[in-house]
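**Q** 3D model of this:
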Amino acid sequence: MDFPGEDAAAQAQHVLGRLYRAAVEAALPQACLAARLPSPPRGRTVVVGAGKAAASMAQALEAAWPGPLSGLVITRHGHGADCGRIEVVEAAHPVLDEAGLAATDRLVERVKGLGEDDLVLCLLSGGGSALLTRPAPGVPLADKQAVTRALLKSGAPIAEINCVRKHLSAIKGGRLAELAAPARVVTLAISDVPGDDPSVLASGPTTPDPTTREEAAAILARYVPDAPASVTAWLAAPASETPKPDPRQAPDYRIIASPALAVDAARQAAEALGYAVLVLGPYLEGEARDVAREHARVVRDILAGEGPVRAPCVILSGGETTVTVRGSGRGGRNAEFLLALAIELDGAPGVEALACDTDGIDGSEENAGAVIDPDVLARAAAWGVSAKDRLAANDAYGFFEAAGGLVFTGPTRTNVNDFRAILISA
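**A** Numbering: from 1, shown residues only. Reported below is the predicted structural model:
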């Protein structure tokens with residue numbers, strides 16, 4: 001990992017880097033998958049799955065599974081891992097593509113024709129919604145791509161985006177489990193969604209869906225009023241409704257890693273280094289700049305001696321913010337959070353912060369996120385870069401590229417959403 005900085009800033013950023021690594025390492029499949037495996041079946045074991053961690057989950061499964069198995073998982077380009085018995089296919093994220101469509105068709109063939117003695121192990125992680133791609137009948141791939149792009153730019157919460165995705169899919173919202181019947185389905189999941197909701201993670205392909213097509217249509221009307229006719233026509237049809245929960249048939253769904261696990265690992269690491277720790281929550285949601293404003297308020301309280309902890313301390317949080325894209329700049333939600341935080345703190349001494357996605361990719365950029373120190377605004381200004389102008393243009397990447405602070409880790413092959421740490425040494 002490359003964490004920029006030198007002198008006092010380097011020491012603080014080293015601490016922030018250790019906390020980020022602790023969070024990521026706690027959520028790696030090699031650390032958490034084996035203990036949650038079911039017993040082998042009398043029949044076949046077929047592995048399917050999708051998400052940014054799907055390949056590393058398959059790799060960990062191969063190392064731990066006591067019997068024969070086969071299968072196919074789909075992951076994002078660059079997030080693959082070497083497997084011997086499970087095929088790994090890479091496809092586009094966050095907007096679905098033809099590679100994902102073809103791979104999903106092959107994945108479906110793997111679960112067809114199974115019997116009651118067979119076991120389907122479904123490996124799910126964040127990113128699965130885009131990677132597991134089979135549009136509903138009559139909805140062209142291009143139309144679903146257009147809707148996905150519009151929703152991602154709209155600032156809609158992930159749960160609402162996935163509600164629409166489920167109702168525009170022939171495999172999500174519990175339909176994959178129906179295709180695998182009568183085989184037993186056990187889902188192993190690395191969660192990146194608020195509350196670890198199985199019906200939201202990867203749009204719940206193995207989980208009955210509590211949302212309705214009417215809700216999906218209302219969400220679409222609110223965020224994408226000019227949606228393609230094929231999409232609105234499908235949502236108006238009764239056939240677009242997803243399978244609903246049945247209390248007599250609870251799915252076997254096992255969360256093996258979560259944002260709470262990662263944040264707690266970082267808390268333990270910070271306390272071991274001697275810092276007081278304030279955890280604001282592992283599942284925070286909201287517009288990135290609004291969440292930054294709330295974090296800055298807590299920092300100011302601590303600096304004034306009025307906070308719940310005293311410096312030296314660390315503030316931790318996780319979850320998934322959103323960005324309503326109004327400008328034409330570059331930058332994911334973590335970089336936007338940090339740029340907004342830097343503006344709010346305005347060079348407050350003794351405060352450093354990191355915000356990175358635990359998958360190693362901040363949105364669609366190649367950086368994991370960024371770090372800030374008290375001098376970041378001054379460095380940018382020396383290059384003629386206005387922080388407020390860059391924030392208005394949604395160009396946090398461009399700001400940190402000029403001022404310094406971009407963090408590059410490469411794909412981590414896990415995904416428990418965003419990780420934020422603020423170190424107050426004053």
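
**Q** which residues in the stretch 201-350 of the chain form helices?
**A** 213-223, 229-236, 259-272, 288-303, 333-345 (DSSP state H, counting those that start in this stretch).

**Q** Using PDB, write out every CA atom in the last one.
**A** Output for helix 333-345, consisting of C-alpha atoms alone and laid out as PDB, is shown next (Å, rounded to 0.1, in the frame of the first residue of the first chain):
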ATOM      1  CA  ARG A 333     -17.600   8.800  -2.400                       C
ATOM      2  CA  ASN A 334     -14.600   8.400  -0.100                       C
ATOM      3  CA  ALA A 335     -12.600  11.100  -1.800                       C
ATOM      4  CA  GLU A 336     -15.700  13.300  -1.900                       C
ATOM      5  CA  PHE A 337     -16.200  12.700   1.800                       C
ATOM      6  CA  LEU A 338     -12.600  13.700   2.600                       C
ATOM      7  CA  LEU A 339     -12.600  16.800   0.400                       C
ATOM      8  CA  ALA A 340     -15.800  17.900   2.200                       C
ATOM      9  CA  LEU A 341     -14.300  17.100   5.500                       C
ATOM     10  CA  ALA A 342     -11.100  19.100   4.700                       C
ATOM     11  CA  ILE A 343     -13.200  22.100   3.800                       C
ATOM     12  CA  GLU A 344     -15.200  21.800   7.000                       C
ATOM     13  CA  LEU A 345     -12.100  21.500   9.200                       C
END
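
**Q** Who are the packing partners of whatever helix or strand comes next after it?
**A** Following helix 333-345 in sequence order, the next helix or strand is strand 351-357 (DSSP states H and E). Counting contacts by 3 or more Cβ pairs under 8 Å, 6 or more residues apart in numbering; DSSP states H and E, strand 351-357 packs against helix 7-26, helix 333-345, strand 369-372, strand 418-424. (Each C-beta comes from the backbone N, C-alpha and C, glycine too.)

**Q** And stretch 410-418, end to end?
**A** In stretch 410-418, first residue to last residue: 15 Å (Cα to Cα, to the nearest Å).

**Q** I'd like to know how far G174 sits from Y223.
**A** 24 Å (Cβ to Cβ, to the nearest Å).

**Q** Which one's more surrounded, these two?
**A** G174 (23 against 19; other Cβ atoms under 10 Å).

**Q** Got the confidence number for G5?
**A** Model confidence at G5, expressed as pLDDT, equals 46.

**Q** err, N162, not the other one
**A** On the pLDDT scale, N162 gets 89.

**Q** do V24 as well
**A** 98.

**Q** before we move on, the earlier item: Q11: which of the helices of the stretch 201-350 of the chain is closest?
**A** Comparing the helices of the stretch 201-350 of the chain against Q11 with Cβ to Cβ, the closest turns out to be helix 259-272 (14.5 Å).

**Q** Buried residues, that closest one. List them.
**A** Buried residues in helix 259-272, counted by 16 or more other Cβ atoms under 10 Å: P259, A260, L261, A262, V263, D264, A265, A266, R267, A269, A270.

**Q** I'd like those residues as JSON lines, with distance to I190 and pLDDT appended.
**A** Below are the buried residues of helix 259-272 laid out as JSON lines (distance: Cβ to Cβ, whole Å; pLDDT from 0 to 100):
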{"residue": "P259", "distance to I190": "10", "pLDDT": "97"}
{"residue": "A260", "distance to I190": "12", "pLDDT": "97"}
{"residue": "L261", "distance to I190": "9", "pLDDT": "97"}
{"residue": "A262", "distance to I190": "10", "pLDDT": "98"}
{"residue": "V263", "distance to I190": "14", "pLDDT": "98"}
{"residue": "D264", "distance to I190": "15", "pLDDT": "98"}
{"residue": "A265", "distance to I190": "14", "pLDDT": "98"}
{"residue": "A266", "distance to I190": "17", "pLDDT": "98"}
{"residue": "R267", "distance to I190": "19", "pLDDT": "98"}
{"residue": "A269", "distance to I190": "20", "pLDDT": "98"}
{"residue": "A270", "distance to I190": "23", "pLDDT": "98"}
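
**Q** ok, so of those residues, who is nearest R42?
**A** Nearest to R42, judged by Cβ to Cβ, of those is L261 at 32.9 Å.

**Q** mind listing what the closest residue to G51 other than its chain neighbours touches?
**A** Nearest residue to G51, sequence neighbours excluded (Cβ to Cβ, 6 or more residues apart in numbering): S125, at 3.1 Å. Counting by Cβ atoms under 8 Å, 6 or more residues apart in numbering, S125 makes contact with 49-54, 57, 189-192, 201-202, 414-415.
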